[in-house]
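*Asks:* Let me see the structure of the following:
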Amino acid sequence: MRIHDLRPAEGSVKEKKRIGRGRASGHGKTSGRGQKGQLSRSGGGKGPGFEGGQNPLQRRLPKLPGFKNRFKKLFSVVNVVQLEERFEDGSVVEPAALAARGLIKKADLPVKILGNGELKKKLTVKAAAFTATARQKIEAAGGLAETIESRNSNKKSQKA
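*Replies:* Predicted coordinates for the structure are as follows:
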């Protein structure tokens with residue numbers, strides 16, 4: 001047997017229906033479209049999304065209000081109470097140390113320290129931003145709150 005001897009199985013391949021090839025073909029004149037009407041015309045029929053005259057889904061759904069600020073600065077946030085729990089007295093708290101202790105997930109986002117909770121340990125905290133209460137609590141405990149420039153402060157931050 002050679003490649004030119006191969007044939008598909010008997011009855012497995014149907015001939016394509018040739019529409020609009022004269023009356024003798026059985027599919028001439030109106031070519032199976034019936035007489036007049038929307039469906040007999042070229043380009044006829046309802047468009048996608050047509051729901052029988054019912055208001056279509058894309059018109060029933062509301063437009064979203066407002067807008068999305070593309071220049072919004074996103075931060076990884078850490079509370080003062082978390083610093084109290086995870087760091088020893090006198091240690092330096094910086095983004096790498098926060099990531100090592102599992103307090104932040106995304107190392108590429110700048111870190112912001114929030115003032116929730118109490119702080120009794122003297123810590124040197126280096127972060128991109130501080131809330132006023134966080135800075136006050138760190139300095140009240142005898143620590144130092146240093147603002148550092150984040151690596152991607154000029155880039156658009158990605159959503160967390």
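
*Asks:* can we go C-alpha only for contacts and neighbour counts from here?
*Replies:* OK.

*Asks:* counting contacts, what elements does whichever helix in the chain runs longest pack onto?
*Replies:* Longest helix of the chain, by residue count under DSSP state H: helix 132-140. Helix 132-140 sits against strand 111-114, strand 144-147, with contacts defined as 3 or more CA pairs under 8 Å, 6 or more residues apart in numbering; DSSP states H and E.

*Asks:* Following the first one in sequence, what is the next regular element?
*Replies:* Going down the chain from strand 111-114, the next helix or strand is strand 124-127, by DSSP states H and E.

*Asks:* now that next one: mean pLDDT?
*Replies:* Confidence over strand 124-127 (mean pLDDT, whole number) is 94.

*Asks:* which stretches of this structure form strands?
*Replies:* For the chain, the strands defined by DSSP state E cover 76-79, 92-93, 111-114, 124-127, 129-130, 144-147.

*Asks:* Partner strands of the third one and their direction?
*Replies:* The reference is to strand 111-114. Under the criterion DSSP bridges, strand 111-114 sits next to strand 76-79 (parallel), strand 129-130 (parallel) in its sheet.

*Asks:* Tell me which residues touch Ile104, please.
*Replies:* With contacts defined as CA atoms under 8 Å, 6 or more residues apart in numbering, Ile104 is in contact with Ser76, Val77, Val78, Leu98.

*Asks:* and if we set it to 10 Å?
*Replies:* Contacts for Ile104 (CA atoms under 10 Å, 6 or more residues apart in numbering) come out as Phe75, Ser76, Val77, Val78, Pro95, Ala96, Ala97, Leu98, Val111.
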